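>>> I'll drop the sequence and a predicted model, then ask my questions.
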Amino acid sequence: MRYLKGSSETCLTFIAGGLKLEGFVDADLAGDVDSRKSTTGYVYTLGGTAVSWSSTLQKIIALLTTEAEYVAVSESAKEIVWLRVF
């Protein structure tokens, strides 16, 4: 509660001229030792400030690095479409 009270005036600030939406995505092939599932991670920034991010296990077991990367890109593409509409 003390932290929330002390940071109530803190906020994200965006400057009108420099708003550029950028995204970074990566996958870790078979990163989970138990299930052999790959991990998808992405972050989207607006004007240099992170506005959306995620790190989750993929729903499938990828057999190749290329497959894991393709799944990661397709998952993160859903987020960028939503962000652009927003």
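Looks like it arrived, so ask away.
>>> If you count neighbours, what's buried in the helix or strand bottoming out on mean pLDDT in the chain?
Lowest mean confidence among the helices and strands of the chain (mean pLDDT, DSSP states H and E): helix 2-6, at a mean of 77. By neighbour count on 16 or more other CB atoms under 10 Å, the buried set for helix 2-6 is empty. C-beta coordinates here come from the backbone N, C-alpha and C atoms, glycine included.
>>> One more: stretch 74-85?
75-76, 79-80.
>>> Apart from its neighbours in sequence, what residue is nearest Ser20?
You called it Ser, but residue 20 is Lys. Nearest residue to Lys20 in three dimensions, chain neighbours excluded: Gly47, at 6.6 Å (CB to CB, 6 or more residues apart in numbering).
>>> I'd say Ile80 and Val43 touch.
No. Ile80 is beyond contact range of Val43, at 11.3 Å (criterion: CB atoms under 8 Å).
>>> Confirm that Ala50 lies within a strand, as I assumed.
Yes. Judged by DSSP: H, G, I helix; E, B strand; the rest coil, Ala50 forms part of a strand.
>>> Much appreciated, bye for now.
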